Structure formats: C-alpha cells, structure tokens
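*Asks:* got a predicted structure plus its sequence, pasted below:
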Amino acid sequence: MAEIHAEMVANVWKVVVKEGDQVSEGDTLVILESMKMEIPVLAEDDGVVAQIKVNEGDVIQEGDLIAVIE
C-alpha cells in the first residue's frame, strides 16, 4: 500500500482517477494548481486506487493525504 501526500500547499484543480481504477507507476492521479502552475501528482507504484481523499476545488496543505494505492 502506498500513500500519496501533498508536497506543497495547493488547490486541487482536477481529479483524474477514481476509486477502483488500475494505475501504473507514473500515471497522473490528481492535478494541483499553485501560483498559476499545474502540478501533476503521480502514482509511485502500480496498483489500484483504494481511496481518493481530495475533491476538485479543495485547498490542501503540505503533508495532506491525497490518495491511497493498493
């Protein structure tokens, strides 16, 4: 199981995957927006998206849990 955490304060611009989706290492899970830049959050391992902990429009803080991959 891998937990994906935010590396910075940002807005959740787009949630690309949904719970139950199969993902591969390097796939985009969520796109964050910070200082007018789009920052993709990538899967670190192959697996299945067990949980998405953010919604589009959320403001997240550094360290917040974004997703869980099993």
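*Replies:* Looks like it arrived, so ask away.
*Asks:* what bridges to residue 47?
*Replies:* In this entry, residue 47 is beta-bridged to residue 23, by DSSP bridges.
*Asks:* thinking it is in contact with residue 69, fair?
*Replies:* Yes. Shown here, residue 47 and residue 69 form a contact pair, counting by Cβ atoms under 8 Å, at 4.2 Å. Using the backbone N, CA and C atoms, a C-beta is placed for each residue, glycine as well.
*Asks:* spit out the residues that contact these two alike.
*Replies:* 2, 23 (Cβ atoms under 8 Å, 6 or more residues apart in numbering).
*Asks:* of these two, give the one with the bigger neighbour count.
*Replies:* Remark: of residue 47 and residue 69, residue 69 carries more neighbours, 22 against 17, as counted by other Cβ atoms under 10 Å.
*Asks:* do you know how far the more buried one is from residue 41?
*Replies:* When distance is defined by Cβ to Cβ, to the nearest Å, residue 69 is 11 Å away from residue 41.
*Asks:* who touches both of those two?
*Replies:* Common contact partners of residue 69 and residue 41 (Cβ under 8 Å, 6+ apart): residue 4.
*Asks:* just the strands in the chain please.
*Replies:* Listed from the start of the chain, the chain has strands (DSSP state E) covering 2-5, 10-15, 22-23, 28-34, 37-42, 47-52, 59-60, 65-69.
*Asks:* other residues contacting the fourth one?
*Replies:* This means strand 28-34. Taking Cβ under 8 Å, 6+ apart as the rule, strand 28-34 contacts 4, 6, 8-17, 23, 38-43, 49, 52, 54, 60, 66-67.
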